[in-house]
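1. show me the folded form of this:
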Amino acid sequence: MTPPDYVVVGHVTKDIVPGGFVAGGTATYAGLAAWRLGARVGVLTSAAPDFDFRRVFPPEVEVVVVPSAETTTFENTYQAHHRRQYLRAVASSIGPEHVPPAWRSAPIVHFAPLVQEITPALFPAFAGAKLRALTPQGLLRRWDSVGLVSRIEPPTLDGVLHELDVVVLSEADVGGDWGILDRYAAEARILVVTRGPEGAVLRRRGAPDATYLAFPADEVDPTGAGDVFAAAFLIHLCETDDPDEATRFANCAASFAVEGRGTTTLPTLEEVLRRRRSGEA
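-> Down below sits the predicted model:
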């Protein structure tokens with residue numbers, strides 16, 4: 001069997017909203033973004049039997065589900081414009097034994113944990129991949145007895161990143177501590193730090209930092225923009241082997257993601273190329 005072009009591994013989530021829930025999680029946003037950009041996509045996730053993946057992914061996206069009693073569920077509450085996030089349920093972990101054999105040599109593998117559902121023991125299962133990448137948000141968070149989510153302090157990925165080709169994370173994931181990011185950059189081959197409307201910083205071993213401005217956008221909802229950035233970066237890096245060009249491309253793709261709610265404005269490849277031609281950033 002031919003593997004997908006792009007495999008994303010992590011929990012698809014139920015995000016509670018008034019009147020019900022919407023699908024969320026990096027696996028959702030990045031998987032759909034990669035599909036919109038023309039990649040053949042595989043999603044390795046875990047959820048309860050009642051989660052309807054047909055409402056989330058088109059039939060062209062191949063979804064492998066680890067059985068679970070529950071689906072990972074988040075709820076956000078707001079007090080005086082301050083958001084608190086609660087973890088209401090956690091799906092099963094994802095291990096090497098759950099990886100379809102044909103997927104082990106996928107060109108791009110994106111490890112996208114949200115609630116520590118994967119561990120570095122999963123990385124060797126994809127040893128045949130051209131690019132192995134991590135968005136580590138879910139390895140840098142914890143939750144208390146009532147489910148209140150917070151950052152692990154100090155956030156650490158020491159000894160993990162050397163196995164990977166690319167690490168993409170936001171400045172907020174480490175509380176804006178660039179000393180921590182310096183440590184990550186010393187271990188990772190390529191580290192990309194997203195900074196929301198300020199763009200992204202590309203860090204490579206032996207090269208000076210490169211900063212790329214975000215593309216102008218009429219922001220409606222920033223949810224998932226970092227996930228879209230990561231998917232676009234990896235796809236373009238795999239095609240071009242040019243991290244600078246991939247960062248510009250990913251910034252452009254992310255500018256579409258913030259212009260609508262949820263996954264409603266994820267761009268096609270043609271739309272990204274058209275916006276790029278209209279003005280570099």
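2. next, count neighbours for the nearest residue to A48 once chain neighbours are set aside.
-> Nearest residue to A48, sequence neighbours excluded (Cβ to Cβ, 6 or more residues apart in numbering): T71, at 4.7 Å. From N, CA and C alone the C-beta is placed, and that goes for glycine too. The tally of other residues near T71 (other Cβ atoms under 10 Å) stands at 24.
3. again, but for P67
-> A total of 11 residues lie near P67 under the criterion other Cβ under 10 Å.
4. ok, it touching S92?
-> Yes - taking Cβ atoms under 8 Å as the definition, P67 is a contact partner of S92 at 6.8 Å.
5. need the three-state assignment for the residue nearest to A48.
-> coil (DSSP: H, G, I helix; E, B strand; the rest coil).
6. what do you get for D158?
-> The assignment at D158 comes out as coil when based on three-state DSSP.
7. that one: neighbouring residues, count only.
-> Number of residues near D158 (other Cβ under 10 Å) recorded here: 10.
8. how about the contacts made by it?
-> By Cβ atoms under 8 Å, 6 or more residues apart in numbering, the contact list for D158 reads 183, 187.
9. repeat for the one 10 residues further on
-> The contact partners of V168, by Cβ under 8 Å, 6+ apart, come to 133-135, 191-192, 194, 226, 229-230, 233.
10. so which of those belong to helices?
-> Of these, the ones assigned to helices by DSSP state H are 226, 229-230, 233.
11. now those as JSON lines including distance to R275, neighbour count and pLDDT?
-> JSON lines is the format used below for the ones in helices among the contacts of V168 (distance: Cβ to Cβ, whole Å; neighbours: other Cβ atoms under 10 Å; pLDDT from 0 to 100):
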{"residue": "G226", "distance to R275": "18", "neighbour count": "27", "pLDDT": "95"}
{"residue": "F229", "distance to R275": "14", "neighbour count": "29", "pLDDT": "98"}
{"residue": "A230", "distance to R275": "19", "neighbour count": "30", "pLDDT": "98"}
{"residue": "F233", "distance to R275": "16", "neighbour count": "30", "pLDDT": "98"}
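12. V63: which of those residues is nearest?
-> Set against V63, the nearest of the ones in helices among the contacts of V168 by Cβ to Cβ is A230 (18.9 Å).
13. contact partners for the most centrally placed residue in the chain?
-> The geometric centre of the chain, computed from its C-alpha atoms, lies nearest to D227 (Cα atoms, centre = their mean), at 3.7 Å. With contact taken as Cβ under 8 Å, 6+ apart, D227 is in contact with 26, 28-30, 33, 112, 135.
14. most neighbours among those, which one is it?
-> Each of the contacts of D227 was scored by neighbours using other Cβ under 10 Å; the highest score is A112's, at 32 neighbours.
15. does that residue touch T28 like I think?
-> No - at 9.6 Å, A112 and T28 do not qualify as touching, with contact defined as Cβ under 8 Å.
16. quick check: the residue nearest to A48 touching A91?
-> Yes - the pair T71 / A91 is scored as a contact, 5.4 Å apart, by Cβ under 8 Å.
17. list residues touching both of those two?
-> Taking Cβ under 8 Å, 6+ apart as the criterion, T71 and A91 both touch 11, 47-48.
18. strands - which of the residues you listed land there?
-> Using DSSP state E to define strands, the subset of the shared contacts of T71 and A91 located there is A47.
19. okay if I get the shared contacts of T71 and A91 as JSON lines plus pLDDT, neighbour count and distance to E62?
-> Compiled in JSON lines, those are given as follows (pLDDT from 0 to 100; neighbours: other Cβ atoms under 10 Å; distance: Cβ to Cβ, whole Å):
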{"residue": "H11", "pLDDT": "98", "neighbour count": "30", "distance to E62": "17"}
{"residue": "A47", "pLDDT": "98", "neighbour count": "25", "distance to E62": "15"}
{"residue": "A48", "pLDDT": "98", "neighbour count": "17", "distance to E62": "20"}
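20. which one of the shared contacts of T71 and A91 is nearest to P216?
-> So of those, ranked by how close each gets to P216 (Cβ to Cβ), first place is H11, at 32.7 Å.
21. for that closest one, which non-adjacent residue is closest in space?
-> With sequence-adjacent residues excluded and distances taken as Cβ to Cβ, 6+ apart, H11 is closest to T72, at 4.2 Å.
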